[in-house]
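# Output the structure for:
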Amino acid sequence: MERDPAARSTLEIILCYSGYHAIVFYRMAHWLWEADFRLLGRFISQIGKMLTGIEIHPGASIGRRFVIDHGMGIVIGETSIIGDDVTLYHDVTLGGIAPSVDSESQVGQKRHPTIENGAIIGSGAAILGPIVIGEGAMVGANSVVTKPVPAGTTAVGIPARVIMPKDKNKAKEFVAYGTLADGPDPVIQTIDDLRRQIGALVGRIEELEGEQDGSSKKPGKSKSKSDNESNSRSGSGRKKAC
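Numbers count the residues shown, from 1 in each chain. From the prediction side, this is the model:
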């Protein structure tokens, strides 16, 4: 209720929120998984997937106060680790990048992301591989993250790039969908820097050309056409005399 202004009562969440239903199914399936009733745990998980549209592998580890907002299309892989107070929006994928061949060698290996406490993952984001999304970090909507994201920063884009908000105090606040409205894009910053450098270079070139034109017009620095012609004739005459 703290993170979703549309939630008006606890009863409404219990009856109408598929994210809450998915977490209930996950808790049951995970308990069975940990008790070594793994087939039954997978079966309960599959029922939850069919009813909610959210797929959480019972082998995943999820902390307290986990919030799934809207929820449809979320996929959380087997070796995913999610801390406390994490928020996920719809269509998020916590996936692995290991090849499908030789799957037996990958059993028991960490293949999926770790999401630390307080992180926010925006809708459509794909976090791939055994990487760490740091505490309080945010991943913007539709981003594709394949490298670790430091704590307290924001990752956006395809592939994701780490940015910081202009007001660093806002980095500690809850931001819906993990997308900062005022965060400078590092690519845009680089383009702006290059544009300023090119402008400075063009100005300097024009200044040098102006100096060169001015020096060529000074007296005694240039010869008249007749002088050049006479020098040319005298030079050719000396060549013939030789």
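# can you pull the contacts of the residue sitting nearest the centre point of the chain?
Closest residue to the average C-alpha location of the chain: residue 160 at 2.3 Å, with CA atoms, centre = their mean. Applying CB atoms under 8 Å, 6 or more residues apart in numbering, we find residue 160 in contact with 139-140, 143-147, 149. No exception for glycine: its C-beta is placed from N, CA and C like everyone else's.
# Can you flag the buried ones in those?
By neighbour count, with 16 or more other CB atoms under 10 Å, the contacts of residue 160 hold 139-140, 143-145, 149 as buried.
# Residue 122: which of these is nearest?
Set against residue 122, the nearest of the buried ones among the contacts of residue 160 by CB to CB is residue 140 (5.0 Å).
# List phi and psi for the closest one.
Here is the backbone geometry of residue 140 (degrees, to the nearest 10): phi -70, psi 160.
# wait, doesn't it sit right on residue 156?
Yes. Residue 140 is within contact range of residue 156, at 3.7 Å (criterion: CB atoms under 8 Å).
# what about the residue nearest to residue 96 when sequence neighbours are not counted, distance to residue 129?
Spatially, and ignoring its direct neighbours in sequence, residue 96 is nearest to residue 111 (3.5 Å; CB to CB, 6 or more residues apart in numbering). Distance, residue 111 to residue 129, using CB to CB, to the nearest Å: 8 Å.
# This structure: helices as residue ranges?
10-16, 18-34, 38-52, 186-216, 225-241 (DSSP state H).
# and the ones you listed, which is most packed in?
Highest mean neighbour count among those (mean count of other CB atoms under 10 Å): helix 18-34, with a mean of 20.
# so that one versus helix 38-52, what angle?
Per axes from the mean of the first three to the mean of the last three CA atoms, to 10 degrees, the angle that helix 18-34 makes with helix 38-52 is 170 degrees.
# okay, stretch 13-32 in PDB with CA atoms only?
Coordinates of the C-alpha atoms in stretch 13-32 are reproduced here as PDB (Å, rounded to 0.1, in the frame of the first residue of the first chain):
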ATOM      1  CA  ILE A  13      -4.900  -6.300  -2.400                       C
ATOM      2  CA  ILE A  14      -5.700  -9.800  -1.100                       C
ATOM      3  CA  LEU A  15      -8.600 -10.200  -3.600                       C
ATOM      4  CA  CYS A  16      -7.500  -8.300  -6.600                       C
ATOM      5  CA  TYR A  17      -3.700  -8.100  -6.900                       C
ATOM      6  CA  SER A  18      -2.100 -10.900  -9.000                       C
ATOM      7  CA  GLY A  19       1.300  -9.900  -7.700                       C
ATOM      8  CA  TYR A  20       0.200 -10.800  -4.200                       C
ATOM      9  CA  HIS A  21      -1.300 -14.100  -5.400                       C
ATOM     10  CA  ALA A  22       1.900 -15.000  -7.200                       C
ATOM     11  CA  ILE A  23       3.900 -14.400  -4.000                       C
ATOM     12  CA  VAL A  24       1.500 -16.700  -2.000                       C
ATOM     13  CA  PHE A  25       1.900 -19.500  -4.600                       C
ATOM     14  CA  TYR A  26       5.700 -18.900  -4.600                       C
ATOM     15  CA  ARG A  27       5.900 -19.200  -0.700                       C
ATOM     16  CA  MET A  28       4.100 -22.500  -0.800                       C
ATOM     17  CA  ALA A  29       6.100 -23.800  -3.800                       C
ATOM     18  CA  HIS A  30       9.400 -22.700  -2.200                       C
ATOM     19  CA  TRP A  31       8.700 -24.400   1.100                       C
ATOM     20  CA  LEU A  32       8.000 -27.600  -0.800                       C
END
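# Domain-wise, how is this structure divided?
In the assignment given by automatic domain parsing, the structural domains of the chain cover 10-183, 189-241.
# nearest to residue 4, of these?
Comparing those by CB to CB, domain 10-183 comes nearest, at 5.9 Å.
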